[in-house]
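[1] my questions are about this predicted structure, shown below with the sequence.
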Amino acid sequence: MSVKVSTKEFQQLSADIKCWGQELGFQQLAISGINLASAEQHLDAWLAKDYHGEMSYMASHGKKRSRPEQLVSGTTRIISARMDYLPADTRRMETLRSPLRAYISRYALGRDYHKLMRKRLSRLISRIVAEVGSDRYSFRAFTDSAPVLEKAIAENSGLGWIGKNTLLLNKSAGSWFFLAEIYTDLPLPLDEIEPYSHCGSCTACLDICPTSAFTGPYQLDARRCISYLTIEHKSSIPTELRPLMGNRIFGCDDCQLVCPWNRFEHRTNEADFHPRHDLEDAELIDLFNWSREEFLNKTEGSAIRRAGYDCWLRNIAIALGNAPATTDIVNTLNARLADVSELVKKHILWALDQQQRKLASGHSKEQFPIKL
């Protein structure tokens with residue numbers, strides 16, 4: 001039997017939902033409609049330029065990504081939520097400037113956020129259902145788990161604006177946060193927002209990109225982006241881009257590190273987002289020596305699993321090739337040649353060539369290429 005919303009108007013229910021979300025660990029929630037026409041145009045233009053590279057899934061769902069009602073029939077509202085993920089001390093700049101250490105994008109240091117956020121959204125849905133009646137309205141939660149334009153949705157709801165680096169920026173929290181959504185037909189009032197962008201004339205994010213992946217403001221060619229190359233790209237990494245990757249072995253945070261709005265960054269209280277296995281400051285050689293079993297064990301429940309073992313080794317081999325030349329690195333690379341895939345071997349041979357060139361020229365301590 002359904003329970004009608006009687007004593008509370010939808011405006012009050014909207015306020016309650018935001019409070020319940022904060023109680024569940026989300027920092028902010030907001031409600032938008034489903035009109036993503038502008039974002040659809042941007043997506044279509046991006047796909048037409050092949051900027052998505054090997055991410056074929058970006059073009060494989062028709063218009064479902066930009067038309068929520070096609071993905072979930074009946075959808076009229078979207079509850080958008082954000083959750084901070086940056087741990088208290090991740091030694092970001094220190095690690096990035098240490099060529100013998102591995103830099104892993106800070107969102108991936110702890111447990112995979114997908115399951116945690118989906119569980120929290122499920123609990124929020126249960127609370128909403130208990131309030132309005134289980135057979136009156138439908139709800140479906142997403143956490144980067146379906147064709148959803150989460151940044152455009154969050155922008156429409158007022159959680160921030162999409163910056164020149166294509167990330168969502170919040171003037172009170174920067175950009176170190178995850179996004180999640182609930183599609184529903186619950187007729188909640190839309191949050192009033194004023195369309196805005198506070199990037200102004202700043203181009204720090206565009207200028208800092210190690211591989212010049214930005215073709216202009218709000219335009220990212222993923223095929224040159226280190227995050228794409230180290231995670232989504234499963235084949236050989238273009239030779240000309242390898243020296244530019246430095247010690248970044250899983251993702252890249254450079255455009256966030258220089259963003260002026262991240263002076264307002266918030267640190268997370270979620271224990272699951274804190275670094276595991278000392279990955280915030282690990283030695284490249286140590287990680288390269290992980291067996292497949294060690295990789296699977298130490299990345300259990302981690303976003304790093306997405307790269308896979310072979311690409312993990314591929315990425316580290318490139319970082320070792322970029323590091324100042326040492327006999328330890330040369331010996332480590334040589335020792336793995338016999339037990340890796342052809343993909344990894346190809347990158348090890350490149351790394352060995354880089355190391356040997358430095359040793360031969362006496363530049364074993366040459367400056368590590370980094371803009372920051």
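    Looks like it arrived, so ask away.
[2] does Phe264 touch Trp176 like I think?
    No - in this structure, Phe264 is not within contact of Trp176 by Cβ atoms under 8 Å, at 10.0 Å. Bear in mind the C-beta positions are built from the backbone N, C-alpha and C, glycine included.
[3] and Gly133, what's its pLDDT?
    With respect to pLDDT, Gly133 scores 81.
[4] the stretch 1-150 of the chain: helices as residue ranges?
    10-23, 37-48, 68-71, 92-96, 113-132, 150-157 (DSSP state H, counting those that start in this stretch).
[5] for the chain, which spans come out with low pLDDT?
    Low-confidence segments of the chain (pLDDT under 70): 1-8, 195, 363-372.
[6] how does it look with 90?
    1-9, 88-91, 115, 133-136, 144-145, 192-197, 360-372 (pLDDT under 90).
[7] what's near enough to touch the most centrally placed residue in it?
    Centrality entry for the chain: nearest residue to the mean C-alpha point is Tyr107, 6.6 Å, by Cα atoms, centre = their mean. Tyr107 makes contacts with Tyr85, Tyr113, Trp176, Phe178, Gly251, Ala303, as judged by Cβ atoms under 8 Å, 6 or more residues apart in numbering.
[8] who touches the closest residue to His114 other than its chain neighbours in this structure?
    Leaving aside its chain neighbours, His114 sits nearest to Thr143 (5.1 Å; criterion: Cβ to Cβ, 6 or more residues apart in numbering). By Cβ under 8 Å, 6+ apart, Thr143 lies in contact with Tyr113, His114, Met117, Arg118, Leu121, Phe178, Ala180, Glu181.
[9] the residue lying closest to Glu192 once chain neighbours are set aside - how many residues pack around it?
    Excluding the flanking residues, the one nearest Glu192 by Cβ to Cβ, 6+ apart is Gly158, at 7.6 Å. By the criterion of other Cβ atoms under 10 Å, Gly158 has 20 neighbours.
[10] ramachandran angles for Gly158?
    Dihedral angles of Gly158 (phi, psi; degrees, to the nearest 10) stand at phi 100, psi 10.
[11] likewise for the one 4 residues further on?
    In terms of degrees, to the nearest 10, the main-chain angles of Ile162 are phi -80, psi 120.
[12] quick one: buried residues of stretch 154-162?
    Ala154, Glu155, Asn156, Ser157, Gly158, Leu159, Gly160, Trp161, Ile162 (16 or more other Cβ atoms under 10 Å).
[13] kindly check the end-to-end length of it for me.
    Separation of the first and last residues of stretch 154-162 by Cα to Cα, to the nearest Å is 9 Å.
[14] for it, what is the distance to the chain centroid?
    17 Å (Cα atoms, centre = their mean, to the nearest Å).
[15] got a list of contacts for that stretch?
    Contacts of stretch 154-162 (Cβ under 8 Å, 6+ apart): 28, 30-33, 35-36, 78, 80, 82, 151-152, 168-171, 175, 179, 191-193, 196-199, 218.
[16] gap between Ala323 and Glu294?
    Separation of Ala323 from Glu294 (Cβ to Cβ, to the nearest Å): 21 Å.
[17] so which of those two has more stuff around it?
    Applying other Cβ under 10 Å to Ala323 and Glu294 shows that Ala323 carries more neighbours, namely 25 against 13.
[18] run a quick neighbour tally on Glu270.
    Glu270 has 17 nearby residues by other Cβ under 10 Å.
[19] then Ile193?
    14.
[20] again, but for Gln12
    Neighbour tally, Gln12, other Cβ under 10 Å: 11.
[21] and what of Val344?
    Val344 has 22 nearby residues by other Cβ under 10 Å.
[22] of the contacts of stretch 154-162, buried ones?
    Buried among the contacts of stretch 154-162 (16+ other Cβ under 10 Å): 28, 30-32, 36, 78, 80, 82, 151-152, 168-170, 175, 179, 191, 199, 218.
[23] okay, Asp16 and Ala108: tell me how far apart.
    From Asp16 to Ala108 the distance is 34 Å (Cβ to Cβ).
[24] how about Lys346?
    For Lys346, the distance to Ala108 - Cβ to Cβ - is 25 Å.
[25] which one's more surrounded, those two?
    A direct count of neighbours by other Cβ under 10 Å for Lys346 and Ala108 places Ala108 higher, at 23 against 16.
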